[in-house]
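S.K.: Got a sequence here, can you model it:
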Amino acid sequence: MSESGEERFIAALRAIATSPGARGLADDAAELRLSSATLVVTHDMMVEGVHWLPGQDAADIAFKLVAVNLSDLAAKGAAPLALILGYMLGDADWDARFAQGLAEAVDTFGVPLLGGDTVSSPQDSARSVGLTAIGRPAVIPAPSRTDARAGQALWVTGELGGALAGFEALQAGSADEALTRRFRRPLPRMDEGQALAPLAGATMDVSDGLLLDASRMAEASGTTIAIDSTAVPVCDALADRRLEAMSWGDDYELLFTLREEREPPFAATRIGRVLPRGDHPLLLDGSPPPPQTRLGYRHD
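M.R.: You can find the predicted model right below:
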């Protein structure tokens, strides 16, 4: 698999981000230890035409921006403490709708917005927005992608493919809010993440696709992860497109490992196991995916 532009840039940043709290830039969030507390800090950006469709409701975009950042905190078992916004101004209607969606997210998730910064740009520029989320971990150190161990079982919450089904419906002009919700307004697994923190090996959220994210977990932990595709829970709309459901991303479910004898304290599905590191980081139904298989979303 060739290295993407994103991966090359992150590799360059690793030489700069040398603090232990940065976790080698291989995790969902950083861990900042202070004299009196430990904080988990994450930052995600979204760009028009990449993360949302042209003409999409700005209220949905604001809500999703908060949700995807809180999903990173959920993967670390952290309770959200604060949000800081970076915002590119649009027209008055856009700004008003974005503020409405932001207010709905703050209310839904019970996390305060502390401030941020706004900028303007030429009108033909693609709009981008960013958010920093700060949380308090349930355990210290917070769970990491590096914590997978051979012999553990691999689990995932919820169903995969709902975001892809919602995206395609929205792209086709559907007004079915229930069908499009998983793409427009995902709900991070905050309660599950905090319940999982004292029990799990490795944890991460499924943002870029199950196969790619599982491969990243394996690389970070020096293991091989074997997935049984028939065990992966897929939404009904993608029942005949299982590989796409496992590789499209944007589902924001939790992917985690547990000791063989353990089960999670909430509904989840066992989909595979962790093996000693072999020739490949990822096995799908016993074999490595073919070289040209799209494992998930990568920024080229």
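
S.K.: From start to finish, how long is stretch 237-246 in a straight line?
M.R.: 13 Å (CA to CA, to the nearest Å).

S.K.: now stretch 254-262
M.R.: From start residue to end residue, stretch 254-262 stretches across 17 Å - CA to CA.

S.K.: which residues are contacting it?
M.R.: With CB atoms under 8 Å, 6 or more residues apart in numbering as the test, stretch 254-262 has contacts from 74-75, 143, 147-149, 151-157, 189, 192-193, 196, 199-206, 210, 213-214, 217, 264, 268, 274. The way it works is simple: take the backbone N, C-alpha and C, and place the C-beta from them, glycine included.

S.K.: Going by neighbour count, which of those residues are buried?
M.R.: 74-75, 143, 147-148, 152-157, 189, 192-193, 196, 199-206, 210, 213-214, 217, 264, 268, 274 (16 or more other CB atoms under 10 Å).

S.K.: Which of the residues you listed fall in helices?
M.R.: Secondary structure from DSSP state H places 74-75, 192-193, 196, 210, 213-214, 217 of the buried ones among the contacts of stretch 254-262 in helices.

S.K.: Please convert those residues to a markdown table, extending it with pLDDT and distance to Leu254.
M.R.: A markdown table is the format used below for those (pLDDT from 0 to 100; distance: CB to CB, whole Å):
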| residue | pLDDT | distance to Leu254 |
| --- | --- | --- |
| Ala74 | 96 | 7 |
| Ala75 | 95 | 6 |
| Glu192 | 97 | 6 |
| Gly193 | 96 | 6 |
| Leu196 | 95 | 7 |
| Leu210 | 97 | 11 |
| Asp213 | 95 | 10 |
| Ala214 | 97 | 12 |
| Met217 | 96 | 12 |
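
S.K.: of all these, which comes closest to Leu113?
M.R.: Taking CB to CB as the measure, Ala74 is the one of these closest to Leu113, at 18.5 Å.

S.K.: show me what contacts that closest one?
M.R.: Taking CB under 8 Å, 6+ apart, one finds 188-190, 192-194, 205, 254 in contact with Ala74.

S.K.: Thank you, goodbye.
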